[in-house]
Structures are given as C-alpha cells and as structure tokens.
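A.B. asks: mind looking at a prediction? Sequence and model below.
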Amino acid sequence: MKIQLYNSLSKQIEDFNPIRDNIVRMYSCGPTVYNHAHIGNMRSFLFADLMQSTLRNVGEWDLKWVMNITDIDDKTIRGSSFESEAWLPEMGEQTSDRLENLRNFTNYYKTLFLEDIQKLGINLDDFHKIPHATDYISEMQELIRKIFKNGYAYISEGSVYFNVEKYSQAENYGKLKKIDFSNFQKGVRIDADTYERDDANDFVLWKTKKDGEPFWDFELNASNLPGRPGWHMECSTMEYEILGLPFDIHTGGIDLQFPHHEDEIAQSKAGYGIDPNPFWCHNEFLEVEGKKMSKSLGNFYSLRELLDKGLDPLDIRFAMLMAHYRTKYNFTFAGVEAAAKARQKVQDYIYQLFEESSDNSINEIPENKYLPNTFFGEIAIDLHTPKALSKLFEFISNYPAGKLSNELKNDLKQVFVKINSIFKIWEIAPKPENNVLIPQEILDIAEQRFQAKKDKNWTLADELRSKITQMGYSILDSKDGYEIKQND
Ligand code: AMP
Ligand code: ZN
C-alpha cells in the first residue's frame with residue numbers, strides 16, 4: 001500500500017518511497033544513557049517503532065533501522081565522574097580509567113533502557129544496529145577534518161567550531177525550523193549540546209579536553225587537540241557510516257529539530273557534500289498538565305515507576321498509540337485505564353473469532369467497510385492511529401463476531417495478525433482456558449501483601465511482591481484489588 005508521511009522539511013504530507021534498492025533506511029535519535037528514560041522519551045521510541053512496523057507491514061518494504069546510544073555528552077560524563085553521586089554499586093568499582101567508568105556507567109543505563117523498550121513491545125531484532133557513539137570517535141574526527149578542509153570549521157582555544165555564518169551564505173541554515181539570525185553575533189560560540197532559543201550561533205564540533213573528563217587525541221591541521229565530540233557530530237557520523245548517504249527517514253522528538261537536526265544537516269552538507277535524508281519526521285511531546293515531561297522540570301515518570309504502580313506496559317503503549325504522533329499527548333492514569341478497556345474490547349472480539357457460533361448470518365461485508373481497507377487506509381496516511389482505531393471500533397460494533405460466517409472469521413484472524421504487527425498488544429489466538437490454578441501459598445502471600453499495602457507498609461509489600469516474583473508469579477494491581485498471573 002502507498003504510504004504518505006508528514007515531512008518536517010516541506011511541512012506537508014508527501015508520498016514516501018525509498019531512495020534505493022527498495023530498502024528503507026531509517027535513523028532514529030536514541031537515548032542519552034545517564035539515567036532512567038522517562039515515558040516522554042518513550043513516546044519518541046514508540047513513534048519510531050510505529051513508523052518502522054508500518055513501513056514493513058503496510059508499505060511491505062525491507063528496512064534497516066538504526067538507533068544510536070548517546071554515551072558521551074555533558075550528562076554521561078558528569079554521571080560517571082569520580083565525584084559523581086549517581087554512581088551505583090551495581091555499576092562495579094570505579095577505576096582510574098575515566099573512559100572505562102563512562103562505559104560502565106552508560107552500559108548500566110543502556111541495559112535498563114533496552115529492557116524498558118522491550119516491555120513496551122519494541123522488538124530488538126527489528127534494529128539493524130544500535131551503535132554507541134564512543135565506537136565511532138575516529139570516524140567523527142574524519143568528518144570534522146572534511147568540514148575543516150572545506151572551510152566551514154575553525155579552531156578556537158583547542159575546540160573546533162562550525163562556521164554558521166559562512167555556511168548560511170552558501171546553504172539554507174534553518175530548513176527544519178525558522179532560525180532567528182537577527183541576534184547572530186560573530187564570535188559567539190555555543191559549547192553546550194542543547195540550548196533553548198532558536199538563535200543561530202557557531203556550534204561545537206569538537207570540545208577541548210577539560211580536567212577530569214575522558215578524552216581522545218585528535219590531529220587537525222598539524223596540531224593535536226585532545227578532547228571529545230559535540231553531540232550533533234555523533235549522529236551525522238553514524239548515519240553516514242552505517243546507512244550511507246542519503247538514507248530515507250530520520251526520526252526524533254520535535255525538540256530535536258533545532259539545533260540538533262539542523263546542525264546534522266549542516267555538518268553532512270559541509271563535510272560529505274550531501275543532504276543526509278529527504279524525510280524528517282518528528283513526534284510531538286508527551287506532556288503532564290500542559291508541560292513537556294522532562295527531567296529538568298522534575299515532572300517525569302519512568303516506565304518502572306508506572307509498572308510498580310501496577311500498570312501494564314502494553315496498556316501504556318496502546319494509550320500512547322491512540323493519539324496521533326503529531327499531537328501533544330497528555331499523560332494521565334485515566335487515559336491508560338481507558339486504553340486498557342479499549343484494548344480488552346478488541347481482545348474479546350479476537351477471542352470470539354476463534355469460537356463456534358450458531359448464528360452465522362453475516363457472510364459479506366462491503367468493500368468500503370471491510371477492515372483492511374478502512375484501517376490500513378488511515379494508517380497509510382501519516383500513521384494516523386486514532387482514525388484507524390475509530391474504523392476498527394466502528395467495525396467491531398457493526399459486525400459482531402458472534403454473527404460472522406466461519407469464512408469471514410478466518411479472514412479476519414489474518415487481518416488482526418497484520419493489525420497486530422503494528423500494535424503488538426493483542427493475542428491472536430483462542431481464549432486461554434483459565435485452568436491455571438494459582439497455588440494456595442501464592443494466594444496467601446498475595447493477600448498478606450494486599451493487607452500490607454492497606455497498612456501503608458510499603459517495605460513489606462515490596463518484599464512480598466519479590467517473593468511472589470521469585471516463585472514464578474506476578475501481581476497486577478488494579479483500582480479495587482489485584483490479579484495474580486503465572487509468568488511465562
Ligand atoms: P534524550 O535521551 O534526552 O536524548 O531524548 C530521547 C528522545 O526523547 C528524543 O527524541 C527527544 O526528542 C524525545 N523526548 C524528550 N522528551 C520528550 C517528551 N516529553 N515527549 C516526547 N518526546 C520526548
Ligand atoms: Zn541524534
């Protein structure tokens with residue numbers, strides 16, 4: 001099916017087709033691994049997952065999907081430093097080697113991150129590669145040399161900066177977001193990786209070594225400049241090295257449009273001489289009470305916190321996918337509860353497709369009402385999940401499973417397999433016989449835990465939960481009680 005996507009470059013919905021060999025090459029800006037990712041971050045990875053699964057299953061293309069791990073930046077360096085209060089015993093002993101500490105610190109959070117996204121239904125086998133920035137330092141240096149040789153970079157006090165003024169005379173700087181040049185000041189340079197205002201300034205490609213930081217030697221223009229790369233440099237290099245330029249689609253949260261993505265374009269053009277990719281796709285924010293969820297505002301939940309409150313990660317996935325990726329999504333517990341109910345409604349319908357019914361009166365469905373046409377027709381236009389889901393719910397109420405002919409039921413099972421290749425939250429199987437008997441011992445511990453929770457004895461409640469987990473069961477809390485499930 002033809003796929004159309006909103007392109008942040010043209011600000012329009014455009015037909016999408018891969019550039020070469022019928023393979024889609026897609027790069028997603030990945031996490032900075034210095035802490036637990038919050039569920040606002042998760043929205044951007046769920047969006048990327050929705051994109052890749054739609055391109056594969058609806059567009060029917062092969063896909064190379066790359067998501068980087070930012071393991072070197074101001075925050076990871078701070079977290080892994082000798083003075084860091086964020087260093088945990090689980091990360092091992094700190095050594096005198098700062099780079100080794102950085103790797104141990106970031107690997108710890110990378111592992112947790114990968115566990116989290118898998119809980120949210122993202123399959124690691126769908127990635128072509130999940131590269132670490134620190135594995136591409138010499139390639140980054142190569143790109144900086146190219147930019148320097150082409151005259152768009154200069155050295156100042158041991159760091160290397162991108163010459164925005166010179167670049168903007170030759171190229172359009174501000175393709176993704178209108179950039180305010182009115183405040184442009186010659187000689188004002190930005191060392192920080194992120195900044196808030198849309199002002200044009202020379203940005204850093206390579207930062208000179210600071211005391212206490214890991215660093216790499218770097219030969220440029222016959223001098224050695226020990227230091228480390230700027231953040232934007234990381235993505236430009238890994239895209240080129242792993243996917244080749246131009247690749248097809250770049251994804252990320254809307255806050256990355258400027259400076260991160262604008263600077264990626266400028267670096268690729270100034271160094272490799274190529275615009276990196278024709279499609280830029282950005283997700284809107286997940287908000288809490290009208291504000292972007294972010295660590296700096298302190299209004300964030302990690303996935304783990306939500307799971308500890310008894311939420312099912314697949315309900316969280318569904319809640320986020322129920323909103324279109326280009327609209328702001330206001331996170332609430334009521335929203336997740338509504339998603340859980342909607343998810344169950346569809347699940348019950350699927351179970352019924354596997355049951356024998358005496359009434360088979362519906363044996364034909366008009367083409368324009370048939371689920372594959374309506375549902376995928378909406379997904380194919382800029383991944384419009386809410387419109388597609390409204391077609392799904394309309395179908396479910398117009399064509400009750402208990403009245404469908406066996407032939408239609410069989411067809412629909414296949415349709416749901418395809419729908420679920422995108423949503424990944426349903427079981428396409430008969431309803432399981434509920435004959436798994438929970439042992440009395442587990443029931444007793446669960447009851448003690450429920451009591452402990454009522455008594456606000458959280459330590460005991462947590463201990464009892466771990467005991468149940470160790471015995472192969474899990475407890476799912478609900479508003480009025482709990483449910484016990486045997487683990488797979
Ligand atoms: P970071 O780990 O900070 O580099 O961010 C990882 C991804 O999360 C980026 O694509 C960000 O744009 C995205 N992001 C950060 N905060 C939010 C939010 N509140 N809602 C949606 N996406 C976000
Ligand atoms: Zn990036």
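C.D. replies: Nice, I can see it. Ligands and ions are numbered 1, 2, ... in the order given.
A.B. asks: spit out the contact partners of the residue of the stretch 301-450 of the chain found nearest ligand 2.
C.D. replies: Proximity of the stretch 301-450 of the chain to ligand 2 (CB to the ion) peaks at Tyr325, 17.6 Å away. From N, CA and C alone the C-beta is placed, and that goes for glycine too. Listed by CB atoms under 8 Å, 6 or more residues apart in numbering, the contact set of Tyr325 reads 43, 47, 50, 283-284, 383, 385.
A.B. asks: checking it next. Helix, strand or coil?
C.D. replies: Following DSSP: H, G, I helix; E, B strand; the rest coil, Tyr325 is assigned to coil.
A.B. asks: what residues does the chain put near ligand 2?
C.D. replies: Proximity of the chain to ligand 2 is confined to 29, 235 under the rule CB under 5 Å from the ion.
A.B. asks: shaky segments in the chain?
C.D. replies: Low-confidence segments of the chain, defined by pLDDT under 70: 193-199, 434-437.
A.B. asks: quick check: domain ranges of it?
C.D. replies: 291-423, 440-474 (automatic domain parsing).
A.B. asks: helices and strands around the one helix or strand Lys207 maps to, which ones?
C.D. replies: For Lys207, the host element (DSSP states H and E) is strand 202-208. The criterion is 3 or more CB pairs under 8 Å, 6 or more residues apart in numbering; DSSP states H and E, and the helices and strands that strand 202-208 contacts are helix 137-149, strand 159-162, helix 164-170, strand 189-190, strand 227-229, helix 231-238.
A.B. asks: centre of the chain to the shortest one, how far?
C.D. replies: A distance of 29 Å separates the centroid of the chain from that of strand 189-190, by CA atoms, centre = their mean, to the nearest Å.
A.B. asks: mind listing what it pairs with, with the direction of each?
C.D. replies: The strands beside strand 189-190 in its sheet (DSSP bridges) come out as strand 202-208 (parallel).
A.B. asks: quick one: contacts of the helix or strand just after the partner strand?
C.D. replies: Tracing the chain past strand 202-208, the next element assigned as helix or strand by DSSP H and E is strand 219-220. Residues external to strand 219-220 that are found in contact with it (CB under 8 Å, 6+ apart): 141, 144-145, 148, 155, 160, 206, 225.
A.B. asks: need the max-distance pair from these.
C.D. replies: Of all pairs drawn from the contacts of strand 219-220, the one with the longest distance (CB to CB) is Gln141 and Ile155, at 13.2 Å.
A.B. asks: neighbour-wise, which of these two wins?
C.D. replies: With neighbours defined as other CB atoms under 10 Å, Gln141 and Ile155 compare such that Gln141 has more, 22 against 16.
A.B. asks: leaving out chain neighbours, which residue sits closest to the more buried one?
C.D. replies: Excluding the flanking residues, the one nearest Gln141 by CB to CB, 6 or more residues apart in numbering is Phe218, at 5.3 Å.
A.B. asks: separation between the one you found and ligand 1?
C.D. replies: Phe218 is 24 Å from ligand 1, where distance means CB to the nearest ligand atom, to the nearest Å.
A.B. asks: I'd like the contacts of strand 219-220 as a markdown table, with distance to Arg25 appended.
C.D. replies: Formatted as a markdown table, the entries for the contacts of strand 219-220 read as follows, by distance: CB to CB, whole Å:
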| residue | distance to Arg25 |
| --- | --- |
| Gln141 | 24 |
| Ile144 | 24 |
| Arg145 | 25 |
| Phe148 | 27 |
| Ile155 | 33 |
| Val160 | 28 |
| Trp206 | 27 |
| Leu225 | 32 |
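A.B. asks: list only buried entries from those.
C.D. replies: 141, 144-145, 148, 155, 160, 206, 225 (16 or more other CB atoms under 10 Å).
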